[in-house]
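Q: Make a model of this:
(one chain, ligands or ions: 1)
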Amino acid sequence: MKTNDQLTLPQELRATPFGPRPSRAEAEQAVRTLLRWAGDDPDREGLLGTPDRVVRSYEEFFAGYEQDPVEILKRTFEETEGYDEMVVLRDIRLESHCEHHMVPIIGKAHVAYLPDRRVVGISKLARVVEVFSKRLQIQEKLTSQIANAINDVLQPKGVAVVIEAAHQCMTTRGVHKPGVTMITSRMLGAFRDQPATRREFMALIQGRHEGLSNA
Ligand SMILES: [Zn+2]
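A: Model (predicted):
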């Protein structure tokens, strides 16, 4: 577990749970190696700035390793005037990377919970999707991590997470099957035990369904 002290250090001085982080220069060198492996010349003009840009992109793609979903979720509100119906956040844009090929997974997530007195700001639910997405993932694990984090911190009566996503490792390489969407779900508490609750959630997320746009 990283401490807060670690988070105030510049990224290249921070340790990972697996030992010291490689330096930025080492990461850029690795990109140069891949450029040569692809058959190009890392010293030609168009590629000179590429290792730097790729490393910066990685900082963005994988920013979730630096963020703690528990911190994001733990500020809750209890003044809800007895609100005890489902809270659903639909069509949350999802951008992740598959851990097998390191290429994008693009799609959307639907997140719902049934509050037990406490609610959380809705932007926090979207942030939790983002934190887990900005790590290397498989869709099944991503779906479970989002649901489990909300369940553990908010302790609601139930949590439901559905993710629909296209995997570029299937569309741009390998079997080359564009237009295929993978759907995963994790249902906890009332969403797992009560068919009526699950049906209500599915109906809410399927209404006005627009599908993936050019993922
Ligand atoms: Zn893949």
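Q: domain ranges for the chain?
A: Taking automatic domain parsing as the domain assignment, the record places the domains of the chain at 4-61, 67-206.
Q: just so I know, which of these lies nearest the ion?
A: Closest of the domains of the chain to the ion is domain 67-206, at 2.9 Å (criterion: C-beta to the ion). For the C-beta atoms, the positions are set from N, CA and C on the backbone; glycine is no exception.
Q: what sits against the residue sitting nearest the centre point of the chain?
A: Against the mean C-alpha coordinate of the chain, by C-alpha atoms, centre = their mean, the closest residue is Ser133 at 1.4 Å. Ser133 makes contact with 64, 94-96, 142, according to C-beta atoms under 8 Å, 6 or more residues apart in numbering.
Q: Dump those residues into a markdown table; add secondary structure, neighbour count and pLDDT as well.
A: Below are the contacts of Ser133 laid out as a markdown table (DSSP: H, G, I helix; E, B strand; the rest coil; neighbours: other C-beta atoms under 10 Å; pLDDT from 0 to 100):
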| residue | secondary structure | neighbour count | pLDDT |
| --- | --- | --- | --- |
| Gly64 | helix | 18 | 97 |
| Leu94 | strand | 23 | 98 |
| Glu95 | strand | 16 | 98 |
| Ser96 | strand | 27 | 98 |
| Leu142 | helix | 25 | 98 |
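Q: show me which of these neighbour the ion.
A: Taking C-beta under 5 Å from the ion, there is no overlap between those and the neighbourhood of the ion.
Q: Which of those lies at the shortest distance from Gly107?
A: Proximity of the contacts of Ser133 to Gly107 (C-beta to C-beta) peaks at Leu94, which lies at 4.9 Å.
Q: tell me which residues form a beta bridge with the closest one?
A: Gly107 (DSSP bridges).
Q: Hmm, it is touching Ile163, no?
A: Yes - counting by C-beta atoms under 8 Å, Leu94 touches Ile163, with 6.4 Å between them.
Q: and for those two, which residues touch both?
A: With C-beta under 8 Å, 6+ apart, Leu94 and Ile163 have common neighbours 107-109.
Q: For Asp52, give me the pLDDT.
A: Predicted confidence (pLDDT) for Asp52: 98.
Q: tell me the contacts of it?
A: With contacts taken as C-beta under 8 Å, 6+ apart, Asp52 has the following neighbours: Glu28.
Q: let's see it at 6 Å
A: Counting by C-beta atoms under 6 Å, 6 or more residues apart in numbering, Asp52 makes contact with nothing.
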